[in-house]
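S.K.: only geometry, no sequence info:
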């Protein structure tokens, strides 16, 4: 128990662990207490990261802390929710003060960047894994779901695609490249920046939204299914970073943009009339296709030809087969 | 992905997965949405159970489903919260339809007994573990915390102690005994019944409360520390079940009651004037000691002598050293 008390101290001492706006009671009792403002709903999402499945078993604990919270907070962005708080369930094979200190620092840095507070959790002994549950608030009825896309809407994304998949060979030390490219791609993998501001800006504008975790085509499939529509993705309009293009070349970069996971960029549908105001306000919005009658997802080339690949899914990183 | 879609279907098909009171949006989007009634706060708790640490790696999945949710819901009882919903993060080494079907059935049965709905979660591949996050509501300012115990209060528990520890040799197949005793003790371990009604009845009456998960003495230490008082436990007043006494004998049963874990019975402090109304209303309340000035926890015998044991903690079940 002694070692695990140490862990609690790391997290309880974090500046984000104190009660504050929305947080009526933080760490240390049987439950945390959240106050939700009148007219607001609470948005909740849970994500688990398992060592060897979602991240390399041997990795920088500071970066792991950042990634664990960033990935989860992205689900709040996808609902248009304002972040409030999170819990952390941490399972560790053993306790290393250095590891914990670095992990807590990475977690706390992301928490402060997202204006979230750690309000509770559990620490157990076992194979390394983390479950983060995030809480945000959204005005009642204004949450961005996946089910409102309508024929005629534009299909948009909130930034360059494919960098998460582009980073994988670097994360796994399978390939190397110049330092500047490495830096950009690794940062996108280890420190995903949830698009919380964009998500809030989309309230009352976007008809459907989600964050891209399994690849653009696979995730667009979720919107198509929930909304009962067909999504057309235009290959020539995919936004991609210079880092990805220089590392992968055009063809492989496109593949990463379409079927790569771990981007944590928002994808959303938007009536055309809403586009100008978002772009004028400086939000990163790239139109990548449109919503039509029908079902499923299609990829089309610049001639309008259907070139949908057979494989759309994304195999998450795994160390073991 | 195909197998894991199967899993989602098991849980999404559960009767408790539909939107309802408090649950504005359930499984299937980036976040679930909870509505919290005006004047209420949301109580939140997260617990992880790891195979080989908190339960045997080979066990009945139906019972595991019951236990996973029962243990977590007990934290809501300890705050006096009314249960609303929960999320489940399930990590599995592989997917067996039989296992999942039985697990989901156990989980759903406990969920219905507690009036809770599954609103979301995550399913990942890896060493078997479960993280359950529970949500309840409590009138603002009425949550039962650990910090309000005052000298003069009675120290009470909500039922017999030690059965959880008494069950361990049976859970681990280390000992056997007659069928009726086995049945009682195993039920207490695998299907803990969170004292949700008692918790609500204690609102506005108890000055401090928690649920006993690490043993009476260790958990009383949490109340003593948070409240800045000393708790005296009277050995002769410990309530114990006939099943435990017949299986363990008096001395070992007392040891289980004092330092055994996994009981999930409430411990709480109560001004003496509140006792009669609770007992008259039929709530199971056993007085086991009192709150005095000072700090820490003391065990006293029937002569008032301090007989506090040196070892108070509880070693949770572990298969591996």
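M.R.: It's in. Just so it is clear, the structure is predicted and the values come from calculations on it, not from any experiment. Residues are numbered from 1 along each chain as shown, chains lettered A, B, ... in the order given.

S.K.: use CA for all of it now, contacts and neighbours both
M.R.: Fine.

S.K.: Show me the shaky parts of chain A.
M.R.: For chain A, the stretches flagged by pLDDT under 70 are A:1-9, A:11-21, A:310-321.

S.K.: Which residue ranges make up the domains of it?
M.R.: A:2-139, A:154-300 (automatic domain parsing).

S.K.: how distant is the first one from the center of its chain?
M.R.: In this case it means domain A:2-139. 15 Å (C-alpha atoms, centre = their mean, to the nearest Å).

S.K.: got a list of what the nearest residue to residue A:228 once chain neighbours are set aside touches?
M.R.: Of all residues not flanking residue A:228 in the chain, residue A:295 sits nearest, at 6.2 Å (C-alpha to C-alpha, 6 or more residues apart in numbering or on different chains). Neighbour list for residue A:295: A:224, A:225, A:228, A:229, A:230, A:231 [criterion: C-alpha atoms under 8 Å, 6 or more residues apart in numbering or on different chains].

S.K.: still on that earlier bit, among the domains of chain A, which is nearest residue B:196?
M.R.: Distance to residue B:196, taken as C-alpha to C-alpha, is lowest for domain A:2-139 among the domains of chain A, at 13.4 Å.

S.K.: just to revisit the earlier point, look up how far residue A:145 lies from the residue nearest to residue A:228.
M.R.: Applying C-alpha to C-alpha, to the nearest Å, the value for residue A:295 to residue A:145 is 18 Å.

S.K.: about what we covered before: neighbour-wise, give me the winner out of the contacts of residue A:295.
M.R.: residue A:231 (30 neighbours; other C-alpha atoms under 10 Å in any protein chain shown).

S.K.: ok so that one is a strand residue?
M.R.: Yes: the assignment for residue A:231 is a strand, going by DSSP: H, G, I helix; E, B strand; the rest coil.

S.K.: give me every residue that touches it.
M.R.: Contacts of residue A:231 by C-alpha under 8 Å, 6+ apart are A:155, A:220, A:221, A:224, A:289, A:290, A:291, A:292, A:295, A:296, A:297, A:298.

S.K.: check which helix or strand covers residue A:220.
M.R.: helix A:216-227 (DSSP states H and E).

S.K.: Show me what that helix is packed against.
M.R.: strand A:208-211, strand A:230-234, helix A:242-259, strand A:296-300 (3 or more C-alpha pairs under 8 Å, 6 or more residues apart in numbering or on different chains; DSSP states H and E).

S.K.: between the second one and helix A:216-227, how big is the angle?
M.R.: With axes from the mean of the first three to the mean of the last three C-alpha atoms, to 10 degrees applied, the angle from strand A:230-234 to helix A:216-227 works out at 160 degrees.

S.K.: how much distance is there from the helix or strand harbouring residue A:276 to the middle of the chain?
M.R.: Per DSSP H and E, residue A:276 falls inside helix A:275-280. Offset of helix A:275-280 from its chain centre (C-alpha atoms, centre = their mean): 23 Å.

S.K.: Residues in contact with it: which ones?
M.R.: Outside helix A:275-280, the residues touching it (C-alpha under 8 Å, 6+ apart) are A:201, A:285.

S.K.: Now do the buried residues in it.
M.R.: residue A:275 (16 or more other C-alpha atoms under 10 Å in any protein chain shown).

S.K.: Quick check: what element follows it along the chain?
M.R.: Next along the chain from helix A:275-280, counting by DSSP H and E, comes strand A:286-292.

S.K.: tell me what that next one is packed against?
M.R.: strand A:154-157, strand A:230-234.

S.K.: May I have the strands that pair with the last one, each with its orientation?
M.R.: In its sheet, strand A:230-234 lies beside strand A:286-292 (antiparallel), strand A:296-300 (parallel), with partners assigned from DSSP bridges.

S.K.: Just want the angle from it to helix A:242-259.
M.R.: 150 degrees.

S.K.: How far does strand A:230-234 sit from its chain's centre?
M.R.: On C-alpha atoms, centre = their mean, the centre of strand A:230-234 falls 22 Å from the chain's centre.

S.K.: same deal with stretch A:288-308?
M.R.: 25 Å.

S.K.: Sort out which residues of that stretch are buried, please.
M.R.: Quick answer for stretch A:288-308 (16+ other C-alpha under 10 Å): A:288, A:289, A:290, A:291, A:292, A:295, A:296, A:297, A:298, A:299, A:300, A:308.

S.K.: go on, stretch A:102-116?
M.R.: A:102, A:103, A:104, A:105, A:106, A:107, A:108, A:109, A:110, A:111, A:114, A:116.

S.K.: just to revisit the earlier point, kindly provide the distance from the residue nearest to residue A:228 to residue B:30.
M.R.: For residue A:295, the distance to residue B:30 - C-alpha to C-alpha - is 21 Å.

S.K.: repeat for residue A:246
M.R.: Distance from residue A:246 to residue B:30, by C-alpha to C-alpha: 32 Å.

S.K.: that older thread, dump the helices and strands packed on strand A:286-292 to CSV, plus distance to residue A:38.
M.R.: Below are these laid out as CSV (distance: least, C-alpha to C-alpha, whole Å):
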stretch, distance to residue A:38
strand A:154-157, 32
strand A:230-234, 36
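
S.K.: Where do the strands of chain A begin and end?
M.R.: A:23-25, A:32-34, A:40-50, A:82-92, A:117-125, A:129-139, A:154-157, A:208-211, A:230-234, A:266-270, A:286-292, A:296-300 (DSSP state E).

S.K.: Of all the ones you listed, which one comes closest to residue B:184?
M.R.: strand A:117-125 (28.0 Å).

S.K.: Around chain B, pick out the residues from the stretch 151-300 of chain A.
M.R.: Residues of the stretch 151-300 of chain A lying close to chain B by C-alpha under 8 Å from any C-alpha of the partner chain are A:210, A:211.

S.K.: which ones are touching the residue in the stretch 151-300 of chain A that chain B sits nearest to?
M.R.: Closest residue of the stretch 151-300 of chain A to chain B, C-alpha to the nearest C-alpha: residue A:210 (6.4 Å). By C-alpha under 8 Å, 6+ apart, the residues touching residue A:210 are A:75, A:78, A:79, A:144, A:145, A:146, A:219, A:223, A:266, A:267, A:268, B:30.

S.K.: Would you enumerate the residues in contact with the first one?
M.R.: Just to be clear, that refers to residue A:75. A:45, A:210, A:211, B:30, B:31.

S.K.: Quick check: residues of the stretch 1-150 of chain A near chain B?
M.R.: A:29-36, A:38, A:40-50, A:53, A:75-76, A:78-79, A:87-89, A:120-127, A:131, A:133, A:145-146.

S.K.: Can you turn the buried part of those residues into a PyMOL selection?
M.R.: Filtering those down to the buried ones (16+ other C-alpha under 10 Å) takes a single PyMOL command:
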select buried, chain A and resi 29+30+31+32+33+34+35+36+40+41+42+43+44+45+46+47+48+49+50+53+75+76+78+79+87+88+89+120+121+122+123+124+125+126+127+131+133+145+146
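
S.K.: returning to that earlier point: got the buried residues of stretch A:288-308 as a markdown table, with distance to residue B:171 columns?
M.R.: Formatted as a markdown table, the buried residues of stretch A:288-308 follow (distance: C-alpha to C-alpha, whole Å):
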| residue | distance to residue B:171 |
| --- | --- |
| A:288 | 57 |
| A:289 | 57 |
| A:290 | 58 |
| A:291 | 56 |
| A:292 | 58 |
| A:295 | 51 |
| A:296 | 49 |
| A:297 | 51 |
| A:298 | 54 |
| A:299 | 55 |
| A:300 | 59 |
| A:308 | 54 |
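
S.K.: rewinding a little: can you list the residues that contact the helix holding residue A:220?
M.R.: A:146-150, A:208-213, A:230-231, A:233, A:257-261, A:267, A:295-297, A:312-314.
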